[in-house]
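*Asks:* sequence unavailable; structure follows:
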């Protein structure tokens, strides 16, 4: 009698749509995040209609925040590269691009903290004005999402360091990337409405 040894392989996921159910779950989660940030942005816009924006304080932060925005956009590029490297089977490229994404995200949070400290010492406190409250609320919630994304990408990077991804098995990178790109897109909206308008 012939014995066969089971080869480890990814089990096919049963789906009615032809799309991985985990991917649909990530999209549904992102849809709820869109509603969450839309309500915060709506509240901010209503506040701006009746509250003055401290142009001198916010204006002085624009160069630093522009750099921060550029770094976050670059992190979206490195995240996209990590998926491309995984699909090509390049483990070194995957690991380096994920690490770059993590470092850029962590740098974004550090710069945001520096900016908060700067505007706070210049007199814009969370409870001093309606604009200040909404400023800290919006940028704070976004910052927490970036921290969450950095943590998620760190876990993906740890798996990549153990060789957990391949050309045919890279859905985990794609899911983390969907979240990361969403966080970046939200920041572009926030940067525009808070700092530029």
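*Replies:* Here it is on my side, so go on. Being a predicted model, the structure only gives us computed values, none of them experimental.

*Asks:* and the closest residue to residue 61 other than its chain neighbours, helix, strand or coil?
*Replies:* Nearest-residue entry for residue 61: residue 115, 5.3 Å, with adjacent residues in sequence omitted and distances by C-beta to C-beta, 6 or more residues apart in numbering. C-beta coordinates here come from the backbone N, C-alpha and C atoms, glycine included. Following DSSP: H, G, I helix; E, B strand; the rest coil, the label given to residue 115 is helix.

*Asks:* just the pLDDT for residue 115.
*Replies:* The model reports residue 115 with a pLDDT of 93.

*Asks:* you'd agree it is up against residue 68?
*Replies:* Yes. The criterion here is C-beta atoms under 8 Å, and residue 115 meets it with residue 68 at 7.4 Å.

*Asks:* more crowded one of those two?
*Replies:* Set side by side, residue 115 and residue 68 show more neighbours around residue 68, with 22 against 17, by other C-beta atoms under 10 Å.

*Asks:* how close does that one get to residue 190?
*Replies:* Computed as C-beta to C-beta, to the nearest Å, the residue 68 to residue 190 distance reads 11 Å.

*Asks:* got it, and residue 22?
*Replies:* Following C-beta to C-beta, the distance that separates residue 22 from residue 190 is 28 Å.

*Asks:* neighbour count for those two, which is higher?
*Replies:* With neighbours defined as other C-beta under 10 Å, residue 22 and residue 190 compare such that residue 190 has more, 21 against 14.

*Asks:* got a list of contacts for the helix or strand containing that one?
*Replies:* Assigned by DSSP states H and E, residue 190 falls within helix 171-190. By C-beta atoms under 8 Å, 6 or more residues apart in numbering, the residues outside helix 171-190 that reach it are 20, 22-23, 26-27, 29-30, 33, 37, 41, 69, 72-73, 75-76, 79-80, 82-83, 86, 94, 98, 101, 105, 138-139, 142, 145-146, 149, 152-153, 156, 159-160, 164-165.

*Asks:* which stretches of the chain have low pLDDT?
*Replies:* 1-15 (pLDDT under 70).

*Asks:* so which residues of it form strands?
*Replies:* With DSSP state E, there are no strands along the chain.

*Asks:* which residues of it fall in helices?
*Replies:* 21-50, 55-88, 91-121, 130-161, 171-190 (DSSP state H).

*Asks:* who are the packing partners of the third one?
*Replies:* This means helix 91-121. Helices and strands touching helix 91-121, by 3 or more C-beta pairs under 8 Å, 6 or more residues apart in numbering; DSSP states H and E, are helix 55-88, helix 130-161, helix 171-190.
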